Each structure stands twice: as structure tokens, then as C-alpha cells.
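> I'd like to go over a predicted model; first the sequence, then the structure.
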Amino acid sequence: MSRPAHRRPEYRKINKDLFVLTYGALVAQLCKDYEKDEDVNKYLDTMGYGIGTRLVEDFLARSCVRRCHSYSETADIIAQVAFKMYLGITPSVTCNNASRNEFSLILDKNPLVEFVEELPTGRSSLCYCNLLCGIIRGALEMVHLAADVTFLQDRLKGDSVTEIGITFLKKLDEKKYRRKK
């Protein structure tokens, strides 16, 4: 029996829906396990960071992108290639300062909240998708870029858009990350 060379779109949809529903169950369980939103947010960020540090290798292998020469180029690659590859969306990118180290990713659609209408009652400080911030931060650190990544606006909190802020802090010391021979 031969296998088709490509996946059918309906399988991708089922996988995405399963991921989104599983993520929702994870956030719901964390809300039960932790009283404070800050603790849930931190847990999601830490979990995302771990994913990002591993996902970057897959991204670099599959995307064949070259080394970025500016923060602006890096932000564009995150939005146009990484988000498209893993979430099927392409956020718009805006630069937020004259030194060109602060950027916003504006998400018209956020697949992680596809089945979420509102935040749980009493959880107004919850950053439901904080996993994404951790993923971006972890992946950037693995390519030697320190960054602060936070949600600036969130539709689940009544904002008109979902906006992730990325502030590049400094280039990390590559020597620290090189393997010893």
C-alpha cells in the first residue's frame, strides 16, 4: 500500500483543532492548580521557552532562512516564516522606536483562542497565550538574541487586536553557547 506524498488539508485541520483544544485543557488545568494568574502566566512562559529552545532547530532546518543582519529582519522572519509555518498565520510587524529594537507582532487571528470566547471568571490578569511569548524568547535565545517578549494587547481582554511586543535587549555572547571540542 503506497502513501500519498502530501498530507490532506483535513488532517492538518484535525491536528490543529486537537492542539488548540489540548492547549485549552492545559490552561484550564493550570488555572485549577494555581490561584494567581501570575503563576499560570509564568508557567506558560517557561513551558513555551522550553519549546522554543527546541523548535528553533526544526525551524532553521525546514525554513532554510539565512542569518539575519538586523532586528527588523529577525522580526519579519518570525512573523512571515515562523508564524506561517507553525500557526498558519502571518502577523503584521511594526517597529515601535527609533533605535529599531522594539517591534510588535499584530495578530489578526490567533489560532490558540479559536474556541475561547472569554477568559475564565476572576482571571482578568491571565495571559492565555503566554506560551507564544516563551516560544519566541526561547528560540531567539538559541540564536544568541536576548529579548523581552510580552503581550501588549489581547482580544480576550477586550482589546481591538492581539499584539505581542518583542524588545531585543542585546546580542548574547556566542562563545558561551559554542560546544567544546
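Yep, that arrived.

> Give me the average confidence score over stretch 27-38.
Average pLDDT, stretch 27-38: 96.

> make that stretch 80-89, sorry
93.

> again, but for stretch 156-166
For stretch 156-166, the mean confidence score works out to 95.

> got a list of what the residue nearest the centre of the chain touches?
Using Cα atoms, centre = their mean, the residue of the chain that lies closest to the mean C-alpha position is Leu132, 2.6 Å off. Contacts for Leu132 were tallied using Cβ atoms under 8 Å, 6 or more residues apart in numbering; they are 48, 112, 164. For every residue, glycine as well, the C-beta is placed using N, CA and C.

> Which helix or strand in the chain has the lowest average pLDDT?
Lowest on mean pLDDT, DSSP states H and E among the helices and strands of the chain sits helix 174-177, with a mean of 52.

> Val65: neighbouring residues, count only.
Val65 has 14 neighbours, counted by other Cβ atoms under 10 Å.

> by contact count, what packs against whichever helix in the chain runs longest?
Criterion DSSP state H: the longest helix present in the chain is helix 37-63. Packing partners of helix 37-63 (3 or more Cβ pairs under 8 Å, 6 or more residues apart in numbering; DSSP states H and E): helix 9-33, helix 84-87, helix 130-142.

> These: which one's closest to Ala75?
Closest to Ala75 of these is helix 130-142 (Cβ to Cβ; 10.0 Å).

> Compute the inter-axis angle for that closest one and helix 9-33.
100 degrees (axes from the mean of the first three to the mean of the last three Cα atoms, to 10 degrees).

> now the longest helix of the chain: how far from the chain's centre is it?
The chain centre lies 7 Å from the centre of helix 37-63; the measure is Cα atoms, centre = their mean, to the nearest Å.

> Next, the buried residues of it.
For helix 37-63, the neighbour count (16 or more other Cβ atoms under 10 Å) marks 37, 40-41, 43-45, 47-49, 51-53, 55-56, 59 as buried.

> can you check stretch 29-37 too?
Neighbour counts over stretch 29-37 (16+ other Cβ under 10 Å) mark 30-31, 37 as buried.

> Other residues contacting it?
Outside stretch 29-37, the residues that reach it (Cβ under 8 Å, 6+ apart) are 40, 43-44, 120, 123-127.

> possible to save the residues you listed as a markdown table with distance to Ala79?
Converted to a markdown table, the contacts of stretch 29-37 look like this (distance: Cβ to Cβ, whole Å):
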| residue | distance to Ala79 |
| --- | --- |
| Val40 | 26 |
| Tyr43 | 26 |
| Leu44 | 21 |
| Pro120 | 29 |
| Arg123 | 28 |
| Ser124 | 28 |
| Ser125 | 26 |
| Leu126 | 24 |
| Cys127 | 19 |
